[in-house]
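>>> next comes the sequence, and after it the predicted model I'd like to discuss.
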Amino acid sequence: MSVSVEEICRYIEDFAPVAWAESWDNVGLQLGSSKTQINHLGLALELTAEVVDWLFSEEIDCLLTHHPLFFRPLKSLREDDPWTQLIVRLIRAEKVVISYHTNLDAAPGGVTEVLAEALGFKCEKALKPVSPDLPKIGLGRMAYVEFPISVSEIARKLASLIHFPVFTVGPDRKVKRVAICAGSGAGLIPKVLQNGAEAYITGEVKHHVARDVELVGLSMVVADHYAMEVYFLKNLKERLAARFPGLKISLFKGRSPFHPVTN
């Protein structure tokens, strides 16, 4: 059974409206026509050369990514440029690409909430609400557990979920109120502190930010950006399959650009 790209977009935008995306973001249809009928939908965190090869080998008509295809301005489409070469290849094959980014981060049941709940936390409100009238919708989440849990135990649970190394910053103590952002969350640290979080779980911070966190006494659990966000795509695949039972849906089995090395 074929489904139009427009139907896929409408389904996602019903629970994660485009208006909830950050102003700097670029979400929605990125390449192709919304009227295109598709038989095979592919899900991937982002477009890479490996993802493009996968699209062709699996005969996927439409790709849905979390990270936008067009995030930085394009000044040319040159086949001697590795990045734009991928785009030209997709255009020639009439492939469709749609991307939903910070609106999926912000949404109830979105990227951060799915991970928080899998870790056993109950979400209270967004760290950065999209508006004062919608305190539970926006980037990041304040969450809690009924019984205190140690920061090291949170780290172990996260590593088990995402199958990737996890680091801790600051004191290892038992906590109940935790903030979480499943992507690059350093910019939300002031909100984390303002909300009285005892620990912060996120996917990407710089060295000096970690030192600043140590100084203020906040505990932090830091993992891999890719690994934390791709966890959500398994959930999204199940939801799409339930909504479009006749549509073939595949999830790209990729990995982070950072490859752990063990002794």
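Okay, I see it.

>>> OK, contacts around the closest residue to Ala107 other than its chain neighbours?
Excluding its sequence neighbours, the residue lying closest to Ala107 (Cβ to Cβ, 6 or more residues apart in numbering) is Ala16, at 3.7 Å. The way it works is simple: take the backbone N, C-alpha and C, and place the C-beta from them, glycine included. Residues in contact with Ala16 (Cβ atoms under 8 Å, 6 or more residues apart in numbering) are 100, 103-104, 106-107, 110.

>>> and the residues you listed as JSON lines, adding distance to Gly196?
Compiled in JSON lines, the contacts of Ala16 are given as follows (distance: Cβ to Cβ, whole Å):
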{"residue": "Tyr100", "distance to Gly196": "31"}
{"residue": "Asn103", "distance to Gly196": "27"}
{"residue": "Leu104", "distance to Gly196": "27"}
{"residue": "Ala106", "distance to Gly196": "22"}
{"residue": "Ala107", "distance to Gly196": "24"}
{"residue": "Gly110", "distance to Gly196": "23"}
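
>>> which of these are buried?
For the contacts of Ala16, a neighbour count by 16 or more other Cβ atoms under 10 Å gives the buried set as 100, 103-104, 106-107, 110.

>>> from those, which land in helices?
Counting by DSSP state H, the buried ones among the contacts of Ala16 place 103-104, 106 in helices.

>>> how many neighbours does Glu58 have?
Residues near Glu58, counting by other Cβ atoms under 10 Å, number 12.

>>> try Met228
For Met228, the neighbour count with other Cβ under 10 Å is 29.

>>> quick one, what contacts it?
Residues in contact with Met228 (Cβ under 8 Å, 6+ apart) are 115, 158, 162, 182-183, 202-203.

>>> most neighbours among those, which one?
Ala182 (28 neighbours).

>>> contacting residues around it?
When contacts are counted by Cβ under 8 Å, 6+ apart, Ala182 touches 105, 111-112, 115, 202-203, 228-229, 231-232.

>>> tell me the spacing between Lys35 and Glu6.
6 Å (Cβ to Cβ, to the nearest Å).

>>> tell me which of the two has more neighbours.
The residue with more neighbours, out of Lys35 and Glu6, is Glu6; 14 against 9, by other Cβ under 10 Å.

>>> check contacts around Ser250.
Counted by Cβ under 8 Å, 6+ apart, Ser250 has contacts 40-43, 58, 60.

>>> partners of the helix or strand hosting it in the sheet?
According to DSSP states H and E, Ser250 maps onto strand 248-251. If you go by DSSP bridges, strand 248-251 pairs up with strand 40-44 (parallel).

>>> and the strand it pairs with, average pLDDT?
Average pLDDT, strand 40-44: 98.

>>> immediately after it, which helix or strand?
The helix or strand immediately downstream of strand 40-44 is helix 49-57, counting by DSSP H and E.

>>> keeping just the C-alphas, turn that following helix into CSV.
This file holds the C-alpha atoms of helix 49-57, laid out as CSV (Å, rounded to 0.1, in the frame of the first residue of the first chain):
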residue,chain,number,x,y,z
ALA,A,49,27.1,8.7,2.3
GLU,A,50,26.3,5.4,3.9
VAL,A,51,22.6,6.4,4.3
VAL,A,52,22.4,7.3,0.6
ASP,A,53,23.9,4.0,-0.5
TRP,A,54,21.4,2.3,1.8
LEU,A,55,18.5,4.2,0.2
PHE,A,56,19.4,2.9,-3.2
SER,A,57,20.3,-0.7,-2.2
